[in-house]
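Engineer: Build me a structure from this.
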Amino acid sequence: MGSLNSYVLLALALFTFQLLWFVRAVVKKRNDVADVAWGLGFVGLAWLSYTMGQGSNRALLVTVLVTVWGLRLAFHIYTRSNGKAEDFRYAQWRKEWKHFYLRSFVQVFMLQGFFLFCIAWPVLFVNIEGPVSWQVWDVLGAIVWCIGFGWESIGDHQLTQFKKNPANRGKLMTTGLWRYTRHPNYFGDAVMWWGIFMIALAIPMGWMTVLSPLLITYLLRYVSGVPMLERKYAHHPEFEAYKQKTSVFFPFFPKS
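Structural biologist: This is a model prediction of the structure:
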């Protein structure tokens, strides 16, 4: 089976996966199940592409890294939303959109699938394109991935613990990693994909997969991550002061 055929089969598998989650969203009457599907989609693509390749150690490395990230993220989002109302973004779209189910299918689930496939490209590339001897890029990429995973998982944990405390009801999280960036979880997510890309650089033509970290960084910083969440907190009484002294994305010491 040629590489092109492998990518086509992976795209078809992802289309089917997203279609099934769209059906689940219709049945559950909540489109935020797409957020749980996001991490799981990467895990599924990683292992499916791994079975299509030659099973190199590098392929196993990136597949395991993506699995750890994807399962943690899916579990975190599920436990955060379970038993609660639909996420505010999707609830707002439910009110505003005409032809709601058609737009949901195309704009939420199919578009998410397209972005997912593009962002997963370094993983698919490493898994399918064949083994190459270990290089310094593998070590550097794994280190960068661990740094990103730490920022995302610790940031999420700190926020979860903050919200569990009744004394913090209505307050804004401004301590821990959130003291250095308003979005440590988004920053960590982007860093992880730069790490995966660095591992892909160990393979000839791996530089082509740079679309992945560029795309996820842009989406998180300028489209679906930072802007949407900050619009939610725009009228919070503590947000303006927090915004003035805290870096929006890249961690830095707060302004005095």
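Engineer: Show me where the stretch 151-256 of the chain dips below the pLDDT cut-off.
Structural biologist: For the stretch 151-256 of the chain, applying pLDDT under 70 flags no range at all.
Engineer: Phi first, then psi, for Val144.
Structural biologist: Backbone geometry at Val144, expressed as degrees, to the nearest 10, gives phi -60, psi -40.
Engineer: ok, now how distant is it from Trp193?
Structural biologist: Distance, Val144 to Trp193, using C-beta to C-beta, to the nearest Å: 10 Å. Bear in mind the C-beta positions are built from the backbone N, C-alpha and C, glycine included.
Engineer: Those two: who's more crowded?
Structural biologist: Trp193 (27 against 19; other C-beta atoms under 10 Å).
Engineer: Can you name every helix or strand that whichever strand or helix holds that one contacts?
Structural biologist: For Trp193, the element it lies in under DSSP states H and E is helix 184-200. In this structure, helix 184-200 packs against helix 57-81, helix 121-128, helix 136-164, helix 211-218, with contacts taken as 3 or more C-beta pairs under 8 Å, 6 or more residues apart in numbering; DSSP states H and E.
Engineer: Quick check: which of the ones you listed is buried the most?
Structural biologist: Of all the helices and strands packed on helix 184-200, helix 121-128 has the most neighbours on average by mean count of other C-beta atoms under 10 Å, namely a mean of 26.
Engineer: And the contacts of that one?
Structural biologist: Helix 121-128 is contacted from outside by 3, 6-7, 10, 42, 45-46, 49-50, 52-53, 58-59, 62-63, 66, 193, 196-197, 199-200, 203, 206, 208-209, 211-213, using C-beta atoms under 8 Å, 6 or more residues apart in numbering.
Engineer: Run the chain-centre distance for it.
Structural biologist: 17 Å (C-alpha atoms, centre = their mean, to the nearest Å).
Engineer: Look up the pLDDT of Ala34 for me, please.
Structural biologist: On pLDDT, Ala34 comes in at 95.
Engineer: Give me the contacts around the host helix or strand of it.
Structural biologist: Counting by DSSP H and E, the element that carries Ala34 is helix 33-52. The contact list for helix 33-52 (C-beta under 8 Å, 6+ apart) reads 1, 6, 9-10, 13-14, 17-18, 21, 24-25, 59-60, 62-63, 66-67, 69-74, 77-78, 81, 87, 90, 108-109, 112-113, 116-117, 119-120, 123-124, 127-128.
Engineer: closest one to Met173 among the helices and strands packed on helix 184-200?
Structural biologist: Closest approach to Met173 among those (C-beta to C-beta): helix 136-164, 4.8 Å.
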